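Participant: let's see this in three dimensions:
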Amino acid sequence: MNITNIAARWWLMLKASVAITLKRNQVAIDAYRQILAMRPDDKDARAVIGNLYAEAGDLESAVQQFKRLVEIDPNQPDAWFNLGFLHDKRNELAAAERCFRKAVELRPALDRAWYGLGLVLVRAGRLEEAIGAFERNVKLQPHSPYGYYQLGMTHHHLGQSAAAWQAHRQLLEFEPKFAATLKRDIEQTEPRAASRLSPDSSPKKEESTAETAE
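Facilitator: Numbering: from 1, shown residues only. I've put the predicted structure just below:
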């Protein structure tokens, strides 16, 4: 980029930052569009505009931005996670699974990607695999109430009562309210109902909004 374009990009970045602070996301989106018109491979701009589209509910545009981002740089685990999250929101389970698996391949310690993968596998009815993903999630994030809730319910739906109650006991140690919810749901839900289980069956789905790629 020449000096003129560098100055223009700086001004547009400032304009977008102020617009985001003022909750004027469309103004910010327009600014990032202009940046990308000057510099199509700007990874930071792609990540931010993808998040802005997601927040605005324009999932198709958000998906396109993150697809382009992983084409530019396929080694960004956060970008793959965000793309997986968006595919999950659109009920595109196979695509979501591929993205979450790519994210943990690149960064095995990315706990939220293991959690997202577990949810997708539950929805696909692949409960044994889901347990493995949730176990990785709680190992990496040992105080994750959402991970333990899903781990307990998945064991329950497989008819593995002892393991389900073990998850409950572990949850009880640091999050009694979630533990009470898990206890109630285990007692009130018939086992082997996995095909009817969705991520929204938890008391509150984990805050897994798309995040800016690092």
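Participant: can I see the domain layout of this structure?
Facilitator: 1-73, 97-204 (automatic domain parsing).
Participant: and these: which comes nearest residue 85?
Facilitator: When the domains of the chain are compared by C-beta to C-beta, domain 97-204 sits nearest residue 85, at 6.1 Å. To be clear about C-beta, it is placed using only N, CA and C from the backbone, and glycine gets the same treatment.
Participant: of the domains of the chain, flag the one that's most buried.
Facilitator: domain 97-204 (a mean of 19; mean count of other C-beta atoms under 10 Å).
Participant: what's the spacing between that one and its chain's center?
Facilitator: 15 Å (C-alpha atoms, centre = their mean, to the nearest Å).
Participant: for stretch 67-80, same thing?
Facilitator: 15 Å.
Participant: quick one: closest of the domains of the chain to residue 90.
Facilitator: Among those, domain 1-73 sits nearest to residue 90 (C-beta to C-beta), with 5.7 Å.
Participant: one step back: among the domains of the chain, which one carries the weakest average confidence?
Facilitator: Sorting those by mean pLDDT places domain 1-73 lowest, at a mean of 87.
Participant: residue ranges of the helices in this protein, please?
Facilitator: 3-21, 25-38, 43-55, 59-72, 77-89, 93-106, 111-123, 127-140, 145-157, 161-172, 176-188 (DSSP state H).
Participant: now residue 148: closest residue in space that isn't a chain neighbour?
Facilitator: residue 171 (4.2 Å; C-beta to C-beta, 6 or more residues apart in numbering).
Participant: now do the contacts for the closest residue to residue 189 other than its chain neighbours.
Facilitator: Distances taken as C-beta to C-beta, 6+ apart place residue 156 nearest to residue 189, at 6.8 Å, with adjacent residues excluded. Going by C-beta atoms under 8 Å, 6 or more residues apart in numbering, residue 156 touches 164, 185, 186, 189, 191.
Participant: do I have it right that the second one meets residue 157?
Facilitator: What that stands for is residue 185. No: contact criterion C-beta atoms under 8 Å: residue 185 and residue 157 do not qualify, at 10.4 Å.
Participant: could you pull up the residues touching residue 36?
Facilitator: So residue 36 contacts 42, 45, 46, 49 (C-beta under 8 Å, 6+ apart).
Participant: now distance to residue 55 too, for those residues, in CSV please.
Facilitator: Listed next are these as CSV, based on distance: C-beta to C-beta, whole Å:
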residue, distance to residue 55
42, 19
45, 16
46, 15
49, 11
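Participant: out of those, which is nearest to residue 177?
Facilitator: residue 49 (37.4 Å).
Participant: I'd like the distance between the closest residue to that closest one other than its chain neighbours and residue 147.
Facilitator: Closest residue to residue 49 apart from its sequence neighbours, by C-beta to C-beta, 6+ apart: residue 32 at 4.0 Å. To residue 147, residue 32 is 34 Å away according to C-beta to C-beta, to the nearest Å.
Participant: end-to-end on stretch 172-181?
Facilitator: Start-to-end span of stretch 172-181 (C-alpha to C-alpha, to the nearest Å) is 10 Å.
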